[in-house]
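A.B. asks: From the sequence below, what's the structure:
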Amino acid sequence: MEITEAQYRQIEHCLPRQRGNVSMSNLQILNAILYVAEHGCKWRGLPKRFGRWHTVYTRMNRWSKSGVLDRVFTELQRAQIVRIKLEAVSLDSTAVKVHPDGTGALKKTDPKPLGNPGADGPPRFIWLPRMLEQP
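C.D. replies: Residues are numbered from 1 along each chain as shown. You can find the predicted model right below:
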């Protein structure tokens, strides 16, 4: 799943303009992001033809925080360049060994429990493309 130059021109207005001495074009970055999304590989597992994985990851992270990726994927679906169909969503968590005293059970000496026990902060970065409503 790679975008051609002609398809890129249709969505080019959604991406920020490149300035300065940039080693990779927005098209290369977008194709690398699509590769990771399609194959589910790690960033370090990107093939060499996409360039340095860290450059791709850094730009993808910047685009996701500024809303560029949402605009791009919305436009890709509107133009029917890329069709996204989520069949299953799976989130993986990390297993962490905890000392038996640190399992989160309320202690008898605790005067008041937490009002919201799930408020340990936001989860780590997870980005999923939004589905467009089908007509």
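A.B. asks: is it true that residue 5 touches residue 26?
C.D. replies: No - between residue 5 and residue 26 there is no contact, the gap being 11.6 Å when judged by Cβ atoms under 8 Å. (Each C-beta comes from the backbone N, C-alpha and C, glycine too.)
A.B. asks: These two: which is more packed in?
C.D. replies: residue 26 (20 against 7; other Cβ atoms under 10 Å).
A.B. asks: All the helices of the chain, residue numbers only.
C.D. replies: All helices of the chain, identified by DSSP state H, fall at 5-11, 26-39, 53-66, 68-78.
A.B. asks: between these, which gets nearest to residue 46?
C.D. replies: helix 53-66 (4.6 Å; Cβ to Cβ).
A.B. asks: Any stretches of this structure with poor pLDDT?
C.D. replies: Flagging of the chain using pLDDT under 70 yields the residue ranges 84-129, 131-132, 134-135.
A.B. asks: can you rerun that using 90?
C.D. replies: Across the chain, the ranges flagged by pLDDT under 90 are 1-3, 8, 10-12, 14-24, 34, 37-41, 69-70, 72-135.
A.B. asks: Using CSV, please lay out the helices of the chain together with distance to residue 47.
C.D. replies: Shown next, in CSV, are the helices of the chain (distance: least, Cβ to Cβ, whole Å):
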stretch, distance to residue 47
helix 5-11, 19
helix 26-39, 8
helix 53-66, 10
helix 68-78, 21
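A.B. asks: Dihedrals phi and psi, residue 22?
C.D. replies: phi -110, psi 130 (degrees, to the nearest 10).
A.B. asks: and it, how many neighbours?
C.D. replies: The number of residues near residue 22, taken as other Cβ under 10 Å, comes to 12.
A.B. asks: ok, now residue 19?
C.D. replies: By the measure other Cβ under 10 Å, the count of residues near residue 19 is 6.
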